[in-house]
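>>> give me a model of this one.
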Amino acid sequence: MNFRSMDEFWPYYMSQHSNPATRRWHFGGTLASIICLIYSLWFNWWFLFLVPLFGYGLAFYSHFFVEGNVPASFGHPVWSFLCDLKMFGLMVTGQMDREIKRLGKRPVLPVF
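Numbers count the residues shown, from 1 in each chain. Okay, the predicted model is just below:
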């Protein structure tokens, strides 16, 4: 499945994050990555190696053991990264529940 824009990819991305626990694991991974990035820029650049480990490690854990699917980043790494940041922003601002309701239960085809 090819997506031409983030607006096209977003519903698919959210269908792959339907379990609230998966979104929480993503939030924790993104937050830990941001903290490691800031720490590495201010104090010790070696912490840059932890940025992807936290971000992708916690996210992949959530997909394999919580959601029970394959991470969307395997097929669409750039779109997935951008949507993860969008999801993080929606969660920080308290708008995630409204976005879930807005999207509803749209049928979205899996990526092969």
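>>> give me the pLDDT for the most centrally placed residue in the chain.
Most central in the chain under CA atoms, centre = their mean is Asp84, positioned 3.2 Å from the mean C-alpha point. Here, the pLDDT recorded for Asp84 equals 95.
>>> buried sites along whichever strand or helix holds it?
Using DSSP states H and E, Asp84 maps to helix 77-92. Within helix 77-92, the residues scored as buried using 16 or more other CB atoms under 10 Å are Trp79, Ser80, Cys83, Asp84, Met87, Phe88, Leu90, Met91. The C-beta positions use only the backbone N, C-alpha and C, and glycine is treated the same way.
>>> okay, the helix or strand following that helix in PDB with CA atoms only?
Following helix 77-92 in sequence order, the next helix or strand is helix 96-103 (DSSP H and E). Listed in PDB are the C-alpha atoms of helix 96-103, where the atom choice follows Å, rounded to 0.1, in the frame of the first residue of the first chain:
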ATOM      1  CA  MET A  96      -5.700  12.000  21.500                       C
ATOM      2  CA  ASP A  97      -9.100  10.800  22.700                       C
ATOM      3  CA  ARG A  98     -10.800  13.300  20.400                       C
ATOM      4  CA  GLU A  99      -8.700  12.200  17.500                       C
ATOM      5  CA  ILE A 100      -9.500   8.500  18.200                       C
ATOM      6  CA  LYS A 101     -13.200   9.400  18.100                       C
ATOM      7  CA  ARG A 102     -12.800  11.500  15.000                       C
ATOM      8  CA  LEU A 103     -11.200   8.600  13.100                       C
END
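>>> what does the residue of the chain positioned farthest from its centre show for phi and psi?
Ranked by distance from the centre of the chain (CA atoms, centre = their mean), the top residue is Phe43, with 26.8 Å. Here is the backbone geometry of Phe43 (degrees, to the nearest 10): phi -120, psi -50.
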